[in-house]
Structure formats: C-alpha cells, structure tokens
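Engineer: Have a look; sequence and predicted model below, questions after that.
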Amino acid sequence: LVRSLIFALIPVIVASPHGQVLFLGFACVVFIVLQSRFWPYQSHSHNLADVSICIALLAFDAAAAFYLPADDNWSVIVVFTMSALGLCLVTLFCDLGVVGVREVRR
C-alpha cells in the first residue's frame, strides 16, 4: 500500500518530468531492496513476481528517460536510471539463485 501511495504521489510532489523519472527510479530501487531483504510473502513465487514487476517498472522508467527532452540534468538521470536497473537485475539474479539453492536442498 505504501509503494502504491508513493508511486501515485510522485506527479503531485515533483513538477518536472526529469525529477519524476528520477524519483520513480529511486522509489523502485528502494522497494526492490526492501522486498529482497525482507521477502514478505510466504510463497517464493509471489515474492519473485513482485520483484520482477518492480524491475519491469524500472525498465519502463529507464526507457521513458530517453524520450524526455534533453536538458542539463538529462545525463545524470540516464546514468542513475541505468545504474539502478543494473543493480536491480543483479538483485533479481541473486534472489533467483537463493531460491534455486533452497529448492535443490529440499
């Protein structure tokens, strides 16, 4: 619920499109890290689905950053978003590896 509220309030809080892209990317990274750390659902498939959906949202955010008109902050936004996307993909693969090791041990 908190994640949905933050995502919905981003256009209200931040006026510039560049700031919205940056803030959405930052919020996605924070929630992916929290999801990966606490693993809140009982089912591994639900946790992986939630992380995957947030990573897909971050990928769409990264793609949207390239369609914004260029200004002084454009390169900073692109570097941050691509770095965050790479970090999230590494997190996803680590989560998949942990789940795979747990399944093999059973």
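Structural biologist: Structure received. Note that the structure is a prediction, hence the values are computed from the model and not measured. Numbers count the residues shown, from 1 in each chain.

Engineer: counting contacts, what elements does the helix or strand bottoming out on mean pLDDT in the chain pack onto?
Structural biologist: Least confident helix or strand, the chain: helix 74-105 with a mean of 78, by mean pLDDT, DSSP states H and E. When contacts are defined as 3 or more Cβ pairs under 8 Å, 6 or more residues apart in numbering; DSSP states H and E, helix 74-105 packs onto helix 17-38, helix 44-65. Placement of C-beta: from N, CA and C, glycine included.

Engineer: List the buried residues of it.
Structural biologist: For helix 74-105, burial by neighbour count (16 or more other Cβ atoms under 10 Å) applies to 77-78, 80-81, 84-85, 88, 91-92, 95.

Engineer: and if you look at stretch 56-67?
Structural biologist: Neighbour-count burial for stretch 56-67 flags 57-58, 61-62, 65 (criterion: 16+ other Cβ under 10 Å).

Engineer: Could you do stretch 1-12 as well?
Structural biologist: 6, 10.

Engineer: can you check stretch 31-51 too?
Structural biologist: So, applying 16+ other Cβ under 10 Å, buried residues of stretch 31-51: 31-32, 35-36, 39, 44, 47-48, 50-51.

Engineer: what helix or strand does residue 72 sit in?
Structural biologist: Of the helices and strands defined by DSSP states H and E, none includes residue 72.

Engineer: That one: what's it in contact with?
Structural biologist: The contact partners of residue 72, taken as Cβ atoms under 8 Å, 6 or more residues apart in numbering, number zero.

Engineer: Skipping its backbone neighbours, what lies nearest the residue sitting nearest the centre point of the chain in space?
Structural biologist: In the chain, the C-alpha nearest the mean C-alpha coordinate belongs to residue 28, at 3.2 Å (Cα atoms, centre = their mean). Excluding the flanking residues, the one nearest residue 28 by Cβ to Cβ, 6 or more residues apart in numbering is residue 58, at 4.3 Å.
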